[in-house]
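*Asks:* Predicted model follows, preceded by the sequence.
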Amino acid sequence: MSAIFSDTHPEMEALQIRLWRQASPTRKMHMLAQLNASARMLALTGLRSQYPHASETELRRRLAGLLLGDEIACKVYGETDYAK
């Protein structure tokens, strides 16, 4: 098997893949939920950096725009009152 991650020792990568394969469906869903939460946190952190004066409501609306696309976010959360 060729290495997937260039910064990971091949033996450790093989171990990680083996552990992923052995994980129960519940464990895999938990890992996926954690990954999703981390991605949202990173995106929100980036938005805070990009819009330092924005309110939490505006930041969460901007996050919805990133995650859902502006069209769906507008349907779900309404139009925005800030410039894009």
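*Replies:* Thanks, I have it.
*Asks:* and the top helix by length along the chain, what does it pack onto?
*Replies:* If you go by DSSP state H, the chain has its longest helix at helix 25-50. Under the contact definition 3 or more CB pairs under 8 Å, 6 or more residues apart in numbering; DSSP states H and E, helix 25-50 sits against helix 56-68. From N, CA and C alone the C-beta is placed, and that goes for glycine too.
*Asks:* Off-centre distance for the helix it packs on?
*Replies:* The chain centroid and the centroid of helix 56-68 are separated by 13 Å under CA atoms, centre = their mean, to the nearest Å.
*Asks:* quick one, it and helix 25-50 angle?
*Replies:* 120 degrees (axes from the mean of the first three to the mean of the last three CA atoms, to 10 degrees).
*Asks:* immediately after helix 56-68, which helix or strand?
*Replies:* Once the chain leaves helix 56-68, the next helix or strand it forms, by DSSP states H and E, is helix 70-77.
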